[in-house]
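1. Give the three-dimensional model of this entry:
(one chain, ligands or ions: 2)
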Amino acid sequence: MRIVVALGGNALLPRGERPDSAIQVERIAEVAPALAAVAAEHELVLVHGNGPQVGMLALESAADPDLTTPYPFSELVAETQGLIGYWLQQALTNAGLTSPVVTLVTQTVVDAEDPAFAHPTKFVGAGYDEATAREQAERHGWTVRLDGSRWRRVVASPLPVRIVEVETARVLLQHRTTVVLAGGGGVPVVEGPHGLRGADAVVDKDHVAALVATDLGADLLVMLTDVPAVMIDFGTPEQRAIRHVSAANLRAERFPDGSMGPKVAAACAFAAGTGGRAAIGSLAEAADVISGAAGTQVSAMPVGQPT
Ligand SMILES: Nc1ncnc2c1ncn2[C@@H]1O[C@H](COP(=O)(O)OP(=O)(O)O)[C@@H](O)[C@H]1O
Ligand SMILES: NC(=O)OP(=O)(O)O
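-> Numbers count the residues shown, from 1 in each chain. Ligands and ions are numbered 1, 2, ... in the order given. Predicted coordinates:
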């Protein structure tokens with residue numbers, strides 16, 4: 001099978017934790033054996049998130065205006081691809097994977113006229129209480145929004161149109177190489193008269209993972225995050241997990257932008273568009289979500305009620 005697994009940036013760095021590398025390295029080491037086992041048996045593409053990490057790099061880059069002008073998000077996304085790709089390559093090898101694994105610095109073409117440039121929705125960086133978030137917004141010119149119980153910076157997140165390096169990934173897969181592709185949604189670029197140039201945005205890695213899985217003809221798209229499943233009535237005493245659902249039934253429900261919304265949209269687009277299986281679940285239960293024993297399993301065909 002050809003499998004695309006998307007790893008959430010928030011799943012790699014538990015909410016509320018300091019963005020220390022040791023915490024993230026440990027988290028990746030925990031999940032690496034399950035991913036290495038998948039890579040040993042199947043063709044595997046890994047797409048990782050970078051929301052917490054790219055937000056931290058943006059703060060660093062803006063810390064001293066005398067030293068440098070803040071870097072655009074396109075370049076900060078490229079930095080996160082190297083960082084998280086390195087962690088993943090090392091962890092998979094340490095977990096016993098003997099076949100090659102490589103990180104591709106990947107560009108994602110977006111539409112320069114995408115209305116998302118004027119309506120930031122992508123959460124990046126740490127969560128703050130409201131007063132601190134508003135103070136930071138004033139100081140740095142951020143837009144901030146509530147993400148669950150914490151306030152976070154939001155940046156533009158245009159839809160992915162094309163993955164520039166997708167054919168390179170296809171060749172690598174045909175040579176039994178595990179590919180870390182389109183990390184952080186890929187470096188956002190727009191096409192102009194002089195070729196490609198970076199765009200100041202962060203593309204959603206779940207939308208990109210669906211595009212990658214469709215383009216590469218994957219059989220399975222898995223999105224691993226920090227909740228065990230997609231929930232109905234999330235955050236209320238009545239919340240309950242959706243285990244098996246058709247894309248059509250799942251699309252009838254509403255989920256928030258910037259968190260579960262893109263995952264559900266990506267799962268439905270892939271399942272309905274290709275007939276393949278999509279799954280959303282916890283990074284800690286990676287093997288079971290991939291096998292179908294855990295998480296929310298989304299199929300193209302009707303499977304009865306959505307719970
Ligand atoms: N209906 C829902 N079911 C489950 N989780 C939800 C739901 N609505 C919102 N969420 C939130 O979505 C989060 C996962 O999305 P996100 O933070 O973008 O994860 P990641 O960075 O791991 O991709 C969960 O931690 C949860 O707080
Ligand atoms: N780029 C991106 O979608 O990152 P997260 O998964 O961390 O939100």
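2. Going by C-alpha atoms from here, please, whenever you check contacts or count neighbours.
-> Will do.
3. Mean pLDDT per helix and strand in this structure: which one sits at the bottom?
-> Least confident helix or strand, the chain: helix 9-12 with a mean of 79, by mean pLDDT, DSSP states H and E.
4. Quick check: residues of the chain near ligand 2?
-> 8-10, 49-52, 184-185, 202-205 (C-alpha under 6 Å from any ligand atom).
5. returning to that earlier point: who does the least confident helix or strand of the chain touch, helix- and strand-wise?
-> helix 21-41, helix 51-61, strand 220-225 (3 or more C-alpha pairs under 8 Å, 6 or more residues apart in numbering; DSSP states H and E).
6. Go through the ones you listed and pick out the most buried.
-> strand 220-225 (a mean of 28; mean count of other C-alpha atoms under 10 Å).
7. so how far is it from its chain's centroid?
-> 9 Å (C-alpha atoms, centre = their mean, to the nearest Å).
8. And stretch 235-249, by the same measure?
-> Distance, centroid of stretch 235-249 to centroid of chain: 21 Å (C-alpha atoms, centre = their mean).
9. near ligand 1, anything from it?
-> No - if you take C-alpha under 6 Å from any ligand atom as the test, stretch 235-249 misses ligand 1, and the best it gets is 7.6 Å.
10. Can I get that stretch in PDB? Just the C-alpha atoms.
-> Taking C-alpha atoms only, stretch 235-249 is exported to PDB below (Å, rounded to 0.1, in the frame of the first residue of the first chain):
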ATOM      1  CA  GLY A 235     -15.700  20.100  24.500                       C
ATOM      2  CA  THR A 236     -19.100  19.500  26.100                       C
ATOM      3  CA  PRO A 237     -20.100  16.800  28.600                       C
ATOM      4  CA  GLU A 238     -22.000  15.100  25.700                       C
ATOM      5  CA  GLN A 239     -19.000  14.700  23.400                       C
ATOM      6  CA  ARG A 240     -18.600  11.400  21.700                       C
ATOM      7  CA  ALA A 241     -16.200  10.000  19.200                       C
ATOM      8  CA  ILE A 242     -17.100   9.300  15.600                       C
ATOM      9  CA  ARG A 243     -15.600   5.900  14.700                       C
ATOM     10  CA  HIS A 244     -16.800   5.100  11.200                       C
ATOM     11  CA  VAL A 245     -18.400   7.600   8.900                       C
ATOM     12  CA  SER A 246     -18.900   8.300   5.200                       C
ATOM     13  CA  ALA A 247     -17.400  11.500   3.700                       C
ATOM     14  CA  ALA A 248     -20.900  12.700   2.900                       C
ATOM     15  CA  ASN A 249     -22.200  12.300   6.500                       C
END
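11. how much space between whichever residue of the stretch 1-150 of the chain sits closest to ligand 1 and Gly273?
-> Residue nearest to ligand 1 within the stretch 1-150 of the chain (C-alpha to the nearest ligand atom): Gly8, separated by 3.1 Å. Taking C-alpha to C-alpha, to the nearest Å as the measure, Gly8 falls 23 Å from Gly273.
12. Tell me which of the two has more neighbours.
-> Gly8 (25 against 13; other C-alpha atoms under 10 Å).
13. buried sites along stretch 264-280?
-> 264-272, 274-280 (16 or more other C-alpha atoms under 10 Å).
14. roughly how far apart are the residue lying closest to Asp204 once chain neighbours are set aside and Ala22?
-> Nearest non-adjacent residue to Asp204, counting by C-alpha to C-alpha, 6 or more residues apart in numbering: Gly185, 5.2 Å away. In this view, Gly185 and Ala22 are 23 Å apart by C-alpha to C-alpha.
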